[in-house]
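Sequence below, structure please.
(2 chains)
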Amino acid sequence: MTERPTFRIKGDTGDWEVVMGLEIHAQVASNAKLFSGASTAFGSDPNCNVSLVDAAMPGMLPVINRVCVEQAIRTGLGLKAQINNYSRFDRKNYFYPDLPQGYQISQFAHPIVGEGEIDVDVEVPGKEGYAFTCRIERLHLEQDAGKSIHDMDPHATYVDLNRSGVALMEIVSKPDVRSPAEAAAYVKKLRAIVIALGTCDGDMEKGNLRADVNVSVCKPGQYEKFRETGDFKHLGTRCELKNMNSYRFIQQAIEYEARRQIEIIEGGGKVDQETRLFDPVKGETRSMRSKEDAHDYRYFPDPDLLPLELEQAWIEDIRKSLPELPDQKRARFEKDYGLSRYDAGVLTSDADKALFFEEVAKGRDAKLAANWVTQELFGYLNKEGLELSQSPVSASALGGLIALISDNTISGKIAKDVFARMIDGEGEAAAIVEKHGLKQVTDTGAIEKVVDEIIAANPEQVAKVKDKPQTLGWFVGQVMKASGGKANPQAVNDILKAKLGI
Amino acid sequence: MTDLTALTLAEALDGLKSKQFSSVELTEAFNAAIAKARVLNAFVVETPEKALEMAKASDARRAKGKAGKLDGAPLGIKDLYCTKGVRTTACSGILGEFTPTYESTVTQNLWDEGAVMLGKLNMDEFAMGSSNETSHFGNVINPWRRKGDNQGLTPGGSSGGSASSVAANLCLAATASDTGGSIRQPAAFTGTVGIKPTYGRASRYGMVAFASSLDQAGPIAKTVEDSAILLEVMCSHDPKDSTSLNIKTPNWRQDVGKGVKGMKIGIPKEYRIDGLSDEIDALWQQGIKWLKEAGATIVDISLPHTKYALPAYYIVAPAEASSNLARYDGMRYGARVEGGNLTQTYEGTRASGFGKEVQRRLMIGTYVLSSGYYDAYYLRAQKVRTKIFQDFVDAFESCDAILTPACPSPAFAFGEKSGDPVEMYLNDVFTVTANLAGLPGIAVPAGLSASGLPLGLQVIGKALDEAACFRVGGALEDAAGFVAKPDRWW
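You can find the predicted model right below:
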């Protein structure tokens, strides 16, 4: 594990640092909405999952869905956070056609979950990664709005209320995130936690998990002053980047936004506090609404709902039923598979990755499996910009390759060649090895023959290696070359050492 | 044959039970009375055919021996209650011809016990008013007139249609609702009985919301006993309303005749407000005397924060209303005024859909919740509310029920107070405290003013102690012997 590096951007007046806090909206995994019995199923025809309550018909009243409360508690426990035995729902008032009630029911003053923290593992391309702790400010429950559809008709806007009233958890971090990569890693880790908990399906494409990123820039040293005093005056004015649902866009948007702010400040201007949207096509952020346009939401306690008073026994029951969380999984991977903190962290940062790895490693050399998964496979996927779910090599296929390495059928070097062919769709590792005759030569007689030939042909090198044993590598290379890479490297080493007497 | 419409609910139920008349006969009598009384403008939707159908079904049930508690009794329903298939607008223009596909819990409870619906009753728009002058469908006329004077009087509000129709024998009894006095004040203005139960006794599901933390359903009826019969059916625990109390509804009818012997009745000195008319004061003193004579002990009590109740109410109620009425935006149902863009459509719809008083309250409510004013107004009003509740808790240490006048004056004429909103709001001065504290309160007719108009007394009980209201109310009713009815001029 390495030190946490400080991310800096060079400006005309010197270095700048970035400070970020994130608000994640995670759709609660539940069959019914937060305050009505309507279905939360995705992909239904427009306005089919709408109850009288969701459509805000006259005289309709919200009734809290216990499952959603339980999921929020479960998530809070997963974030090692304070669960508030007393919380309350407030109304956030504003007019919009996709908000039938004219207010969103949310938790403003008294959230169900208080402070917690997440250990975030950050991958650094080509290097060992690092970890940092991000503090969580709060988690609260709220209703989602419906969807306004502006592109069906040039003159009209259509409204789909299927999402109206669906339960969301808004998870707010403290301003502890310090680089674009850390922001993406934070979202990734949070996503892994909610997926492991079963409290959100984490589907970012469907918008079931999306992030708002508050970005500001400051000069080196200012952030430390902020952390000492808690006074935000040490930090720059923040802009909120809304509704980001891809790791790549999150990083691009932050990079762009930080540079934009630096440019403004260095040009003698002032950053306006505002909400901005990222345009992935142009790769830039643009203003959505300024602070002056901000609504006065007129928050007040929703008189249709009683305060949420939780019994400690219920919270404890939920605590007991928590599944293995990514951090626990990481500890287990370190212990059971003998992995490094970093490898274990990378593998458990994502539920799919952890599952994939465990399938590859099942009954096989775990360290070897970890290396192949994190370096060869993830390296390839990263390079190609693919998600794990799009991997051309399945977990069992990769496991098959590792089995061939472990039983010395092929060398690690040959395995890379086989792996490349697997990616190209040539099939299972064993079949590829068979077809191309890539089986490792472990026949010592055959290797000895090659070694003898090379020793005989290179007397000068033989003389040299007696004084400088580190030149043995030259011989190894020659033997491997002569055998087409198929000779067992260990056997080659042993035989060379014996014959050369070193 | 006697005039069936003059019967009390209890008498009518007895008559139905003993087969003196059928529900169809009873319903026909009311249908005819309603048709003749349109000048009162008490009904905004008449449903005579539906009523007859329901009456026929009731008679059939009774013939099979399966009659419910209210079987065959024709009732009027305040237009605040959503009724499936029958237009429901809370007497606001903004709801247009809105016809619910669902039934409010309170009215469903009535139908489940066999009651018959005669139609929907006029009211102040969204229950905002004390004179029934804010209805989109015009004023309701009080059947009562001053002695020797033909000037039209208001029936009070907001349940003006309910009060007038009961007083004029257009229904056996009616549903009403009370946010700051909307049951008790019109009952007092029309010589009828009205009770608002403890907050949470009756479900608010399907009641068009005005101020959620104050709104409560209740009946207006001809007698204390009738109000008990109806309230028992209206109240229920309802999982569809989170503020509905999960408790059993008692048998209140048996409390009505129990008398007040041994009860301690509190007289709050703060209700002797500046400028209280001699007539109202005399009525109050008369009430005290009656209860004393009936065996109650009278104790002086203090409710020190009373003077802050009305201002606090006129912050909390509009604040909640400003949010509750945001849903009337012309997007999904009701009236819509098309504008050039979204904002214009909102503005046009709400400016033309809402009446002036509703607009006034929405603006007050929006203002008191806005950033920078919330603490000074809304939060402060909520603190006052807590103090008022505590006042009652303290007072009930030394008494079982509290006796006050129901209103500061008898019924007034149209236009008399509508020019000055504050003057109008003062009508609620004796009634809002029970709403702010969530307590039950009953208004009972106790006498006539010098001008020949009914005057009412109010009894406030402890939380969930409607029984005390019925006992004291019953005793007052007995003592007062109030039998006056308005002369039929319509």
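
Show me what the lowest-mean-pLDDT helix or strand in chain B is in contact with.
Least confident helix or strand, chain B: helix B:421-425 with a mean of 87, by mean pLDDT, DSSP states H and E. The contact list for helix B:421-425 (Cβ atoms under 8 Å, 6 or more residues apart in numbering or on different chains) reads B:Gly129, B:Ser130, B:Ser131, B:Leu310, B:Tyr314, B:Glu357, B:Arg360, B:Lys417, B:Ser418. (Glycine included, C-beta is placed from N, CA and C.)

Which pLDDT value belongs to residue 48?
No chain specified, so I'll use chain A. Looking at A:Cys48, its pLDDT reads 96.

The chain in question should be chain B.
pLDDT for B:Pro48: 98.

quick one: average pLDDT of the longest helix seen in chain A?
Counting by DSSP state H, the longest helix found in chain A is helix A:247-266. On average, the pLDDT along helix A:247-266 is 96.

helices or strands up against it?
If contacts are counted by 3 or more Cβ pairs under 8 Å, 6 or more residues apart in numbering or on different chains; DSSP states H and E, helix A:247-266 sits against strand A:8-11, strand A:14-27, helix A:180-197, strand A:209-218, strand A:239-244, strand A:274-279, strand A:284-290.

From the chain's centroid, how far away is that helix?
Taking the mean of its C-alpha atoms, helix A:247-266 sits 20 Å from the chain's own mean (Cα atoms, centre = their mean, to the nearest Å).

Kindly report the same for stretch A:396-411.
From the chain centre to the centre of stretch A:396-411 is a distance of 29 Å (Cα atoms, centre = their mean).

Over to stretch A:123-132?
Mean-position distance between stretch A:123-132 and its chain equals 13 Å (Cα atoms, centre = their mean).

List the contacts of the nearest residue to A:Ala192 once chain neighbours are set aside.
Distances taken as Cβ to Cβ, 6 or more residues apart in numbering or on different chains place A:Pro326 nearest to A:Ala192, at 4.6 Å, with adjacent residues excluded. For A:Pro326, the contacting residues are A:Lys189, A:Ala192, A:Ile193, A:Ala196, A:Thr348, A:Ser349, A:Ala351, A:Ala354, by Cβ under 8 Å, 6+ apart.

Please report the distance of the fourth one from A:Glu324.
By that I understand A:Ala196. Separation of A:Ala196 from A:Glu324 (Cβ to Cβ, to the nearest Å): 7 Å.

Compare those two and say which is more crowded by neighbours.
Neighbours of A:Ala196 and A:Glu324, each counted by other Cβ atoms under 10 Å in any protein chain shown, are more numerous for A:Ala196; the result is 22 against 12.

wait, doesn't the more buried one sit right on A:Leu322?
No - here A:Ala196 does not reach A:Leu322: they are 9.0 Å apart, not a contact under Cβ atoms under 8 Å.

what residues are shared contacts of those two?
A:Gly78.

Can you give the strand pairings for the helix or strand containing B:Ile442, parallel or anti for each?
Element membership for B:Ile442 (DSSP states H and E) is strand B:441-448. In the sheet containing strand B:441-448, its partner strands are strand B:193-196 (antiparallel), strand B:454-461 (antiparallel), by DSSP bridges.

Which among the ones you listed is found nearest to B:Asp300?
Among those, the nearest to B:Asp300 by Cβ to Cβ is strand B:454-461 (15.3 Å).

just how off-centre is the closest one within its chain?
13 Å.

elements contacting the following helix or strand past it?
Downstream of strand B:454-461, the next assigned helix or strand under DSSP H and E is helix B:466-480. Helix B:466-480 sits against strand B:193-196, helix B:224-234, helix B:278-293, strand B:401-405, strand B:441-448, strand B:454-461, with contacts defined as 3+ Cβ pairs under 8 Å, 6+ apart.

in helix B:466-480, what counts as buried?
For helix B:466-480, a neighbour-count test (16 or more other Cβ atoms under 10 Å in any protein chain shown) marks B:466-480 as buried.

repeat for stretch B:94-106
For stretch B:94-106, burial by neighbour count (16+ other Cβ under 10 Å) applies to B:Ile94, B:Leu95, B:Gly96, B:Phe98, B:Thr99, B:Pro100, B:Tyr102, B:Glu103, B:Ser104, B:Thr105, B:Val106.

tell me the pLDDT at the fifth one?
When you say that, I think you mean B:Thr99. For B:Thr99, pLDDT reads 98.

Kindly report the same for the second one.
According to the prediction, B:Leu95 has pLDDT 98.

I'd guessed it sits against A:Pro58; true?
Yes - judged on Cβ under 8 Å, B:Leu95 makes contact with A:Pro58 at a distance of 7.0 Å.

what is in contact with those two at once?
Residues touching both B:Leu95 and A:Pro58 by Cβ under 8 Å, 6+ apart: B:Thr88.

Extract the CA atoms of the least confident helix or strand of chain B and return them as CSV.
C-alpha atoms of helix B:421-425 as CSV (Å, rounded to 0.1, in the frame of the first residue of the first chain):
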residue,chain,number,x,y,z
PRO,B,421,-60.4,39.1,6.8
VAL,B,422,-59.2,39.7,10.4
GLU,B,423,-62.7,40.4,11.6
MET,B,424,-63.8,37.2,9.8
TYR,B,425,-60.9,35.2,11.4
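
Now do it: distance to the chain's middle.
Put simply, helix B:421-425 sits 19 Å off its chain's centre (Cα atoms, centre = their mean).

right, and the helix or strand after that helix?
Counting by DSSP H and E, the next helix or strand C-terminal to helix B:421-425 is helix B:432-437.

which outside residues touch that following helix?
So helix B:432-437 is contacted by B:178-181, B:196, B:199, B:214, B:216, B:303, B:306, B:309-310, B:312-313, B:316, B:384-385, B:388-389, B:391-392, B:439-441, B:460, B:463 (Cβ under 8 Å, 6+ apart).

check contacts around A:Phe35.
Contacts of A:Phe35 (Cβ under 8 Å, 6+ apart): A:Val53, A:Pro62, A:Val63, A:Ile64, A:Asn65, A:Ile105, A:Gln143, A:Gly165.

Contacts only, for the nearest residue to B:Ala463 once chain neighbours are set aside.
Nearest residue to B:Ala463, sequence neighbours excluded (Cβ to Cβ, 6+ apart): B:Thr198, at 5.2 Å. Shown in contact with B:Thr198 (Cβ under 8 Å, 6+ apart): B:Gln216, B:Leu245, B:Gly438, B:Leu439, B:Pro440, B:Ala463, B:Leu464, B:Asp465, B:Glu466.

circling back: mind listing which of the buried residues of stretch B:94-106 are in helices?
When DSSP H defines the helices, the subset of the buried residues of stretch B:94-106 inside them is B:Thr105, B:Val106.

ok, which of the buried residues of stretch B:94-106 also contact chain A?
Within the set of those, contact with chain A (Cβ under 8 Å from any Cβ of the partner chain) is found for B:Leu95, B:Phe98, B:Pro100, B:Tyr102, B:Ser104.

OK, contacts around the third one?
Looking back up the chat, that one is B:Pro100. A:Met57, A:Pro58, A:Gly59, B:Cys82, B:Thr83, B:Lys84, B:Gly85, B:Val86, B:Thr88, B:Gly206.

For B:Ser162, see how far away it is.
With distances taken as Cβ to Cβ, B:Pro100 is found 19 Å from B:Ser162.

now do the second one
The spacing between B:Phe98 and B:Ser162, counted by Cβ to Cβ, is 20 Å.

just to revisit the earlier point, can you check my assumption that the residue nearest to B:Ala463 lies in a helix?
No - B:Thr198: not assigned to a helix; according to DSSP: H, G, I helix; E, B strand; the rest coil it is coil.

Just list the residues touching A:Lys413, thanks.
A:Lys413 makes contact with A:Met480, A:Gly485, A:Pro489, according to Cβ under 8 Å, 6+ apart.

Show the buried residues in those.
For the contacts of A:Lys413, a neighbour count by 16+ other Cβ under 10 Å gives the buried set as A:Met480, A:Gly485.
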